[in-house]
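# Predicted model follows, preceded by the sequence.
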Amino acid sequence: MEQIALQEDRLALAREAFGRYQSLARTNYISPNQLSDKRAELLDQRQRLAELVRIKTVTERAATEARAQMQDIAPQADRERAALERSMRALEQDLAENQAQSDIVLRAPIDGVLTALAGDIGQTVTPETGLAAILPASTWRACAMWRTPRHARPTPPWHRRARPNRCTACA
C-alpha cells in the first residue's frame, strides 16, 4: 500500500513535468522529441501504478480465499474425525464378531471318542447338520476290531497316542 502511495506521487510529478514540457513545446523552447520522452515517462509511471494496483487486488483476493479456507478447515476436520471414528467402531465390531465366531465351542451330547468329522472350517451349518461321529465310551466291542496287529489294519486316530493294542476309549 505504501508503494502505491509513492507511485501515485511519482505519477503526479510526471504529470506536472509533462504539463510544463507541453507549455514549453508550444513556445518552441524544447524539441518535440523531449516532449515525447516526457510523455513516455508519464505513461511508464501510469503503467507501474496499474501493475501495483493489480498486484494488490490479486493479493487481497488470495487473502480472502485463505481466510475462507481457514474457516472451513475446522468443520472439515471434525467431519473427517467423525468418519474415522465411525470406521474404527465398525472395525472393532467386526473384530469382536470374528473373535466371537472363532471362540464357539461345540459340546457332544454323550461321552465318547470322536471318530470322524463331517464339517469343514468355514462351512455354514444348521442345528440339524451332523458334524461328527462319536464312539460312546460304553461301547467296548467296537474297539475290539482294532486290536489286530498294526500292519494288518490302519490305526485309528485314538491309538496314535495310546499304548499298542490299547484304545483310549476301552482303557
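Looks like it arrived, so ask away.
# Just list the residues touching Pro136, thanks.
Applying CB atoms under 8 Å, 6 or more residues apart in numbering, we find Pro136 in contact with Ile110, Asp111, Gly112. Bear in mind the C-beta positions are built from the backbone N, C-alpha and C, glycine included.
# By neighbour count, which of those wins?
Gly112 (17 neighbours; other CB atoms under 10 Å).
# Grab the most central residue of the chain for me.
Leu84 (8.7 Å; CA atoms, centre = their mean).
# confidence score at that residue?
Note on Leu84: pLDDT of 96.
# now do Asn98
At Asn98, pLDDT is 83.
# so which helix or strand takes in it?
For Asn98, the element it lies in under DSSP states H and E is helix 32-102.
# what packs against that helix?
helix 2-26 (3 or more CB pairs under 8 Å, 6 or more residues apart in numbering; DSSP states H and E).
# Now the helix it packs on: average pLDDT?
92.
# how about that helix: buried residues?
The neighbour-count check on helix 2-26 (16 or more other CB atoms under 10 Å) flags Gln7, Arg10, Leu11, Ala14, Phe18, Tyr21, Ala25 as buried.
# Repeat that for stretch 69-86.
Buried residues in stretch 69-86 (16+ other CB under 10 Å): none.
# any idea how far it is from the chain center?
Distance of stretch 69-86 from the chain centroid (CA atoms, centre = their mean, to the nearest Å) equals 13 Å.
# Could you pull up phi and psi at the residue in the chain sticking out farthest from the centre?
The C-alpha centroid of the chain is most remote from Thr27, which lies 78.8 Å away (CA atoms, centre = their mean). Backbone torsions of Thr27, given as degrees, to the nearest 10, read phi -90, psi 0.
# Next up, the contacts around it.
Counting by CB under 8 Å, 6+ apart, Thr27 has no contacts.
# The helix holding Asn98 to helix 2-26, inter-axis angle?
Counting by axes from the mean of the first three to the mean of the last three CA atoms, to 10 degrees, helix 32-102 lies at 160 degrees to helix 2-26.
# Quick check: which helices or strands does whichever helix or strand comes after helix 32-102 pack against?
Later in the chain than helix 32-102, the nearest helix or strand by DSSP H and E is strand 112-117. Contacts defined by 3+ CB pairs under 8 Å, 6+ apart place strand 112-117 against strand 132-136.
# what about the strand it packs on, distance to the chain center?
51 Å.
# How about stretch 22-41?
Worked out by CA atoms, centre = their mean, stretch 22-41 lies 70 Å from the chain centre.
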